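Undergrad: predicted model follows, preceded by the sequence.
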Amino acid sequence: GQWYLRWVRAAPSQVHPPLSVPVGYTLAPLQLSHVDHILQHRREGNDGRADPLLVMLATSGVTERPSVGVFVDGQPDTPIAWCLMYQSGGLGPVYVMDAHRGKALARLMIREMRKRVEEVHGARPFAMIADDNVASQGLFTSEGWVKGNNFNLLVRK
């Protein structure tokens, strides 16, 4: 198993300046046709095969829950960034391909997913972040999220 931190959104006391989708990109919900592309870029361990848990998450996360992808304009079949929702309702995974980092795309997706969870589903969003993922912790903190209780998530090897 791995330890993950549970982060919950703080009360809306912190107002952030609006973010615009950068020129040349489009923000849109993910489709089932995007799952293979997501899995190709998220193979960790498993002898180069996609983790069965991620396969299930990506498939059900796209078809059954809110999701968001970022696409280069004119390339709607190939997301370059994505944010899914776990079955528990937590945000994650959030991923931006290396060539497109540094453009606030992860921040944009987190805000969009927060908005969908709060406004559409009437729930308080939370995220699960690996305890060694300092970059994600910093991003969520800068967006007004606070650390909640730790819990143990068992991950199949």
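TA: Noted; the coordinates are in hand. Numbering: from 1, shown residues only.

Undergrad: what is the least confident helix or strand in this structure?
TA: strand 151-153 (a mean of 50; mean pLDDT, DSSP states H and E).

Undergrad: you'd agree R124 is in a helix?
TA: No - if the criterion is DSSP: H, G, I helix; E, B strand; the rest coil, then R124 is coil and not within a helix.

Undergrad: wait, it sits on R114?
TA: No - counting by C-beta atoms under 8 Å, R124 does not reach R114; the two are 9.6 Å apart. The way it works is simple: take the backbone N, C-alpha and C, and place the C-beta from them, glycine included.

Undergrad: and those two? Which one has more around it.
TA: R114 (20 against 12; other C-beta atoms under 10 Å).

Undergrad: secondary structure element holding the more buried one?
TA: helix 105-115 (DSSP states H and E).

Undergrad: so which other helices or strands are in contact with that helix?
TA: Contact analysis of helix 105-115 by 3 or more C-beta pairs under 8 Å, 6 or more residues apart in numbering; DSSP states H and E lists strand 25-28, strand 68-72, strand 79-85, strand 91-96, helix 134-142 as its packing neighbours.

Undergrad: looking at these, which is closest to I38?
TA: With C-beta to C-beta, the closest approach to I38 among the helices and strands packed on helix 105-115 belongs to strand 79-85: 6.0 Å.

Undergrad: contact partners of that closest one?
TA: By C-beta atoms under 8 Å, 6 or more residues apart in numbering, the residues outside strand 79-85 that reach it are 25, 30, 34, 37-38, 57-58, 61-62, 65-72, 91-97, 99-100, 105-106, 109-110, 112-113, 117.

Undergrad: that one versus strand 68-72: what angle between them?
TA: Relative orientation of strand 79-85 versus strand 68-72 (axes from the mean of the first three to the mean of the last three C-alpha atoms, to 10 degrees): 180 degrees.
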